[in-house]
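what follows is a predicted structure for the sequence shown.
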Amino acid sequence: MNALMPSPRLVRAALPALSLAALLVAIWFVQPRAISYFGFNLMLNLAMPIAFATIAQLCVITVNDLDLSIGAFVSFVACVGATWLNATPLLGVAVLLGAVVVYALVGALIHLRNLPSIVVTLGMSFFWLGCSVLLLPSPGGSAPAWLAALVKVRTPLVPFAILVSAALALVVHVGLMRSAWGAILRGAGGNPVAVARAGWSLLRTKVTMFALAGFFGVLSGLSLVGLTTSADANIAIRYTLLSIAGVILGGGEFVGGRVSPVGAVLGAMTLTLAGSLLSFLRISPDWQIGAQGAILIVVLALRALVNRLERRR
Amino acid sequence: MRQSAFSRLADWSAERPWLWSFVGAGLIFLATTAFTSGKGGGDVLTAALTFATFYVIVGIGQMFVITTGPGNVDLSIPANIALAGAVAMKVMDGSNAMIVPGLAAVAAVGLAIGCFNFALIRILSIPPIIATLSASFLVQSTAIAYGRGLRIKPPPIFAELATGRVLGVPILAIIAILVAAAMALVLRRTVYGRSVLAIGQNARAAGLAGIRVARVRFATYVLSAVFASFCGALLAGFSGGASLNMGEEFLLASIAVVVIGGTSVAGGFSNVPGIWGASLFLYLLVTMLNTFGVGAGVRLILTGLIIIAVIALSGGRRPGRG
């Protein structure tokens, strides 16, 4: 009996992929024509910025924190992209680099003063929102032409968004899961005391992870503004919740440095595609957020089941 | 002698972490009235009492949840407020006779959301942040679907309750002061309140001491949800109808007033008076920035930075994730 059952560890790792597959089957069942190059291009249009934002959130969750400002930050980056980056590229780049530094400083502050990350990042979300409102009081601006051209590249056979997401998942997987550095970074979330006793600086790991989060946040904002070509201060506010959901959906645990970059990207795609399935089913967009919540709950219920099986062995 | 008097003062204020929020609120009020050279001070105070009421009501619920230990927080409050406001207006349907059934429906909404939150936490054994977050997705969708195009005015008596004054003091503020006093008693003097504090300090020890940890947590999540629901109903009554985004600002506000009020985010140490001080502080801060004539952008930036500065100065008391 036990020999026939795959190990719970494997099941848990496969859960994000299985949920995505289940969703794809459902979409194919309802609207077969959507499963095509053209269909995926449309459905996964916004998967790229969401995947970047999810990886940004994953970096923060790895070190046992939570970033409630990522949505406001991505909006801010989009606003910079639609204004300064276009008009005065040098200033735009400098501001984006400065924003990454601010992210690193937030990490340092959280570590040094031992502050709860949710309060600090909630405060930061107001900060970024305020900056966006100053920069772009009303929706508008326009993205640099090169950026719009870059994110709308039509690659042969597989849509660009899927290629980018796959590359992102691969790069972060190698960096975080397969490298010695990655092991230390995850260890700082798993057992900070042990990592500190082994001689590593916890401050440095936290600053690194927050800086990486800022970096991926910048990529998210830029790819978003490239796709939409204009921005407003609230353009990506819902990314905060979406990114947390994506990380958890992808098999990330909330504490202990247990994360999965590949799973997180799959999770982000699942949440993006869920909206398409709803519209194919002609369900009112009112229920879009609710459906994402329901998916989250179902996957978490399945995982709880797997964990319970694991404990029984 | 002076030294000991000073250290006694330090001890006295250390036992009263809520003091600073009132000091901060007072300073900001003085700065505001100094700027307008004393004009409109009374109006500012009345408005502050009214708006602080809403922060206080959700803040108390959030405080009980946060007190039960690291990681405990209720993120479903904004969605809850949106749904409860819509339900209240729809059930009351603008008629005075339906106020009581309306409030009963609001209580039912809070009860249901609280039970759902805790069921997710307990049955799926997922962290409260994720549980209340997923629940809030569902609640938000329900609110959108249920409350779309809702343009029902609150019944006259209910609107009067939400906007009226007695001797210049808003009725709402009086209610909130009474509720705060009652909840302070609950926290300090009842078995339930002491259990909440004990669980926050050490859940395992509390369990071994015979406290039914799961039951207390359950009650706490229900309490928070019911408070948020009533806040939603009052907010709808106050603003002449429910709107879907009226809960948005309460995500930050509910957590901020708890932290600024001197409650430990790591749990186990909390106080009710601080919620009032922090709520006044938060509202007066916005009023002051408005009086100084700064734009929306600068106001948001300063609000965020001041909240971060306050908790950075008060500091994390214990390791743990909040």
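Thanks, I have it.

buried ones in stretch A:80-99?
Neighbour-count burial for stretch A:80-99, counted by 16 or more other Cβ atoms under 10 Å in any protein chain shown, picks out A:80-86, A:92, A:95-96, A:99. In this view, the C-beta of every residue, glycine as well, is placed from N, C-alpha and C.

and the residue most central in space within chain B, what does it touch?
Nearest to the centroid of the C-alpha atoms of chain B, with distances taken as Cα atoms, centre = their mean, sits B:G59, at 1.7 Å. B:G59 makes contact with B:253-254, B:257-258, B:261, B:275, B:278-279, according to Cβ atoms under 8 Å, 6 or more residues apart in numbering or on different chains.

wait, which of those is closest to B:A119?
B:A119 lies nearest to B:S254 out of the contacts of B:G59, by Cβ to Cβ, at 21.6 Å.

I'd guessed the closest one sits against B:V58; true?
Yes. Applying Cβ atoms under 8 Å as the test, B:S254 and B:V58 come out as touching, 4.5 Å apart.

one step back: okay if I get the buried residues of stretch A:80-99 as CSV plus pLDDT?
Formatted as CSV, the buried residues of stretch A:80-99 follow (pLDDT from 0 to 100):
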residue, pLDDT
A:V80, 95
A:G81, 93
A:A82, 93
A:T83, 92
A:W84, 92
A:L85, 91
A:N86, 87
A:G92, 92
A:V95, 95
A:L96, 95
A:A99, 96
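
and which of these is nearest B:G149?
Looking across the buried residues of stretch A:80-99 and measuring by Cβ to Cβ, the closest to B:G149 is A:A82, at 32.4 Å.

which stretches of the stretch 1-150 of chain A form helices?
A:8-30, A:37-43, A:47-62, A:70-82, A:84-87, A:89-112, A:117-135, A:145-151 (DSSP state H, counting those that start in this stretch).

any part of the longest one near chain B?
Read that as helix A:89-112. Yes. Against chain B, helix A:89-112 shows contacts by Cβ under 8 Å from any Cβ of the partner chain at A:L109.

what is that helix packed up against?
On a contact count with 3 or more Cβ pairs under 8 Å, 6 or more residues apart in numbering or on different chains; DSSP states H and E, helix A:89-112 meets helix A:70-82, helix A:84-87, helix A:117-135, helix A:202-228.

what is the neighbour count of A:F52?
Neighbour count of A:F52, defined by other Cβ atoms under 10 Å in any protein chain shown: 29.

with A:T155 instead?
Neighbour number of A:T155 under other Cβ under 10 Å is 13.

which bits of the stretch 51-200 of chain B sit near chain A?
B:71, B:73, B:120, B:123-127, B:129-130, B:133-138, B:140-142, B:144-145, B:148.

cutoff 10 Å now
Residues of the stretch 51-200 of chain B found near chain A (Cβ under 10 Å from any Cβ of the partner chain) are B:66, B:70-71, B:73, B:75, B:79, B:116, B:120, B:123-131, B:133-148.

how about the nearest residue to B:N245 once chain neighbours are set aside, what does it touch?
Closest residue in space to B:N245, ignoring its immediate chain neighbours: B:A82 at 7.2 Å, by Cβ to Cβ, 6 or more residues apart in numbering or on different chains. When contacts are counted by Cβ atoms under 10 Å, 6 or more residues apart in numbering or on different chains, B:A82 touches B:136, B:139-140, B:142-144, B:146-147, B:232, B:235-236, B:242-248, B:250.
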